[in-house]
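A.B. asks: Below are the sequence and a predicted model for it; my questions follow.
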Amino acid sequence: MAAEPTRPAKIIAAADDFGTPLKDALVAHLRSLSIEVEDLGTSSYYSAGAEVGRRVSQSSAVRGLVACGTGAGVSIFANKFPGVYAATCLTPSDAINARSINNSNVLAVSGKYTTPEAAIEILDTWLNTPFKSACPANEGEPWPREIQTFLDHSLVEMPEIGKGGAFDTCAVCCLVKNRELNPIELIPGGSMKIVRETPTSAFVRFKAGSVEPAHHHTFGHDLVVLEGKKSVWNLTKEERYDLTVGDYLFTPAGDVHRVKYHEDTEFFIKWDGHWDMFFDEDLDTAKKAIDKDLTLTNSTVS
């Protein structure tokens with residue numbers, strides 16, 4: 001037996017620029033039905049899909065509505081979150097199938113290929129179709145026993161897919177378990193593991209006593225010290241920063257800076273674009289300049 005249709009207590013909506021006009025029309029329609037809507041507005045298609053997916057993932061009482069040019073991108077990113085079943089629906093039949101077979105809790109629509117009138121029909125169908133009901137995919141007939149058995153167990157089984165596999169899906173978790181960093185050939189004593197590229201995120205480790213000669217990057221970067229102690233000389237700004245565990249530093253694009261590691265040090269760093277490195281001095285020059293500055297600082301303190 002199919003469950004009775006139950007409308008969600010709340011719908012979270014968002015769209016990119018291509019999907020916003022259609023999203024706005026559907027939000028107005030939902031409110032005319034006295035359904036509570038939280039409209040997150042307009043963002044990039046991946047941000048819109050991801051934020052709705054994240055919110056729906058947190059509550060079984062909430063469903064989502066997302067729109068982009070095709071409806072595909074927003075559904076892909078909404079589905080990154082556990083317990084989210086986003087489906088792109090271009091026809092009412094798509095909506096019936098998505099609700100009946102997959103218990104879809106996020107509706108994705110196409111701002112470029114669907115008129116507001118057609119989208120309202122799709123939305124109403126999606127709202128009013130119960131899970132496990134007869135649908136076009138089975139020509140409106142009752143499901144055979146083997147399919148009905150699958151549907152009866154699917155809500156429990158689907159969230160378990162991907163769990164307990166041989167590979168971690170989170171690069172940070174993998175690093176915690178087996179943090180193997182690759183040597184930085186340009187700088188003795190340094191090693192790095194890039195976990196995302198362009199914009200680039202990485203874990204970096206340097207041995208005590210290591211020095212980075214004055215250099216600059218095409219893109220600015222943020223860093224947070226995870227362990228150890230280091231000093232950074234921003235030669236462009238004529239400033240020095242002494243950093244330890246938990247300290248944060250942003251270095252703008254093009255700023256020339258050199259670094260000294262006083263202890264074995266590890267930090268997380270994120271460049272605004274790709275990673276590169278252009279040296280402005282050699283290693284011996286850097287060591288002499290650092291030793292001179294540290295000696296002067298120590299004598300001033302004493």
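C.D. replies: On my side now, so go ahead.

A.B. asks: Now residue 92: closest residue in space, sequence neighbours ignored.
C.D. replies: residue 125 (4.2 Å; Cβ to Cβ, 6 or more residues apart in numbering). Placement of C-beta: from N, CA and C, glycine included.

A.B. asks: and residue 75, what is it in contact with?
C.D. replies: Applying Cβ atoms under 8 Å, 6 or more residues apart in numbering to residue 75 gives the contacts 49, 66, 86, 87, 88, 106, 108.

A.B. asks: which element is it on?
C.D. replies: According to DSSP states H and E, residue 75 maps onto helix 72-78.

A.B. asks: thinking again about what came up before, in which helix or strand does the residue nearest to residue 92 reside?
C.D. replies: Here residue 125, judged by DSSP H and E, is contained in helix 116-128.

A.B. asks: Buried ones in that helix, by neighbour count?
C.D. replies: Of all the residues in helix 116-128, those buried under the rule 16 or more other Cβ atoms under 10 Å are 118, 119, 120, 122, 123, 125, 126, 127.

A.B. asks: residues making contact with it?
C.D. replies: By Cβ under 8 Å, 6+ apart, helix 116-128 touches 5, 7-8, 21-22, 25-26, 29-30, 33, 35, 65, 89-92, 94-96, 98-99, 104, 107, 109, 114.

A.B. asks: In strands, which of those fall?
C.D. replies: 65, 107, 109 (DSSP state E).

A.B. asks: which of those tops the neighbour count?
C.D. replies: residue 107 (31 neighbours; other Cβ atoms under 10 Å).

A.B. asks: If that one is in a bridge, with which residues?
C.D. replies: Beta-bridge pairing for residue 107 (DSSP bridges): residue 65, residue 87.

A.B. asks: For it, give me its contacts.
C.D. replies: Residue 107 is in contact with 63, 64, 65, 66, 86, 87, 89, 95, 98, 122, 123, 126, counting by Cβ under 8 Å, 6+ apart.
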